[in-house]
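1. Model the structure of this input:
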Amino acid sequence: MAKLAGKKKKYVTLMFVPHDEHQVYSLRISSITLLFLGFICLIAIGASSFIMTRHVNYELTRRANIQLTEKNAYFVQELARTHEAFQRVAKIEDELRAMLKMKNKNELLQFTGEGGPSPVDQVNLMKNLNNRATLTPNEFASSLTFLRKDAQEKIESYQELKKYIATQRSLLASTPADWPVRGWITSRFGMRNSPFFEGTTFHQGLDIANEEGTSIKAPADGVITYTGWEGGYGKLIVVDHGYGFSTRYGHCQRILVNIGQRVRRGQVIGFIGSTGRSTAPHLHYEIRTNGVPVDPLKYLKK
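-> The predicted structure is shown next:
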């Protein structure tokens with residue numbers, strides 16, 4: 001009997017005392033039931049926490065996906081705009097080359113860049129970008145590779161354009177196209193009757209007459225390679241302009257420049273005189289290409 005009495009169920013009494021009432025409510029629950037209810041509460045709390053955590057993670061993932069989609073769409077639009085900008089640059093480049101008449105001169109002028117995307121690649125890229133809200137990582141990487149190649153091609157092409165333009169500018173600056181003095185042509189390039197009664201002789205330049213002391217100006221940029229007395233030339237100035245061009249100024253009254261000095265187009269380098277074999281004040285002007293005298297009128301501005 002004692003053992004049976006020891007195995008009786010244990011109970012827990014829960015009492016509820018309202019503040020506004022004098023009556024007390026009590027609830028008698030066995031210990032096993034209480035433990036079972038506690039276990040159920042723990043399961044409910046754990047399940048609720050798990051569900052809430054999954055919901056929060058889902059919401060965060062959904063928002064992140066929306067942001068990624070928006071960024072992807074933005075990058076697609078930027079890729080398309082960048083490609084269109086490259087096409088406009090390419091059009092301007094073609095127009096610039098046409099203006100400079102570069103296309104049929106030589107290999108340098110025909111340079112268009114190597115290793116860049118082909119026209120087919122460009123068409124495929126635009127088809128890929130148009131009407132697309134998103135791109136896969138591979139498509140995005142491929143588009144960037146295309147644009148890098150296109151940019152490199154343009155850089156190389158513009159470097160060649162820059163080199164060509166710089167060369168042409170230097171060549172124009174070095175071409176003796178300006179008149180060294182103002183005056184009257186008294187003797188042209190070529191065969192003529194010698195003013196010293198020596199019969200027919202070959203005249204290697206132009207004789208331009210004016211008053212003694214008239215300024216002589218460099219017709220182009222260059223470097224002074226000779227100044228001094230030179231036989232029949234009298235006081236002579238020689239200027240090397242580069243690109244095979246050199247000019248000579250004979251019969252000077254006075255010389256203002258020194259050997260090795262760099263001069264600019266329009267700079268005064270001396271004055272008209274009548275030194276050497278001369279019958280009157282004038283400038284004997286020569287243009288030589290690669291050391292050979294040529295007719296100055298082919299280069300002088302009309």
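2. per-domain residue ranges of this structure.
-> Annotated domains of the chain cover 9-66, 81-174, 184-298 [automatic domain parsing].
3. Could you export these to JSON lines, including columns for mean pLDDT?
-> What follows is those, written out as JSON lines (pLDDT from 0 to 100):
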{"stretch": "domain 9-66", "mean pLDDT": "75"}
{"stretch": "domain 81-174", "mean pLDDT": "65"}
{"stretch": "domain 184-298", "mean pLDDT": "94"}
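4. from these, which stretch is densest packed?
-> Comparing these by mean neighbour count (mean count of other Cβ atoms under 10 Å), domain 184-298 comes out on top with a mean of 17. Bear in mind the C-beta positions are built from the backbone N, C-alpha and C, glycine included.
5. circling back to that earlier point, is it possible to get JSON lines of the domains of the chain that adds distance to residue 75?
-> Converted to JSON lines, the domains of the chain look like this (distance: least, Cβ to Cβ, whole Å):
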{"stretch": "domain 9-66", "distance to residue 75": "15"}
{"stretch": "domain 81-174", "distance to residue 75": "7"}
{"stretch": "domain 184-298", "distance to residue 75": "50"}
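6. Please identify which of the ones you listed is closest to residue 73.
-> Evaluated over these, closeness to residue 73 peaks at domain 81-174, with 5.0 Å, by Cβ to Cβ.
7. Longest helix in the chain, please.
-> Using DSSP state H, we find that the single longest helix of the chain is helix 31-99.
8. Residue 239 sits in which helix or strand?
-> Here residue 239 sits within strand 235-242, counting by DSSP states H and E.
9. before we move on, back to that, list the helices and strands the longest helix of the chain packs on?
-> Taking 3 or more Cβ pairs under 8 Å, 6 or more residues apart in numbering; DSSP states H and E as contact, the helices and strands that helix 31-99 lies on are strand 11-16, helix 119-129, helix 137-174.
10. what's the angle from that helix to helix 137-174?
-> 30 degrees (axes from the mean of the first three to the mean of the last three Cα atoms, to 10 degrees).
11. Please identify which of the helices and strands packed on helix 31-99 is closest to residue 39.
-> Residue 39 lies closest, by Cβ to Cβ, to one member of these: strand 11-16, at 15.1 Å.
12. tell me the contacts of residue 216?
-> Contacts for residue 216 were tallied using Cβ atoms under 8 Å, 6 or more residues apart in numbering; they are 180-181, 237, 249, 252, 268-272, 283.
13. With residue 298 instead?
-> Residue 298 neighbours (Cβ under 8 Å, 6+ apart): none.
14. how close does it sit to residue 170?
-> Separation of residue 298 from residue 170 (Cβ to Cβ, to the nearest Å): 20 Å.
15. And residue 199, by the same measure?
-> 43 Å.
16. Same check on residue 219?
-> Distance from residue 219 to residue 170, counting by Cβ to Cβ: 15 Å.
17. Which strands or helices does the strand holding residue 239 pack on?
-> helix 137-174, strand 222-229, strand 245-250, strand 252-255, strand 268-272.
18. how about that strand as PDB, C-alpha atoms only?
-> Output of strand 235-242 as PDB, limited to C-alpha atoms (Å, rounded to 0.1, in the frame of the first residue of the first chain):
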ATOM      1  CA  LYS A 235      77.200  87.600 -97.500                       C
ATOM      2  CA  LEU A 236      75.200  84.400 -97.500                       C
ATOM      3  CA  ILE A 237      72.700  82.800 -95.100                       C
ATOM      4  CA  VAL A 238      71.800  79.100 -95.400                       C
ATOM      5  CA  VAL A 239      68.800  77.700 -93.500                       C
ATOM      6  CA  ASP A 240      68.000  74.000 -93.100                       C
ATOM      7  CA  HIS A 241      64.200  73.500 -92.700                       C
ATOM      8  CA  GLY A 242      64.200  69.700 -92.400                       C
END
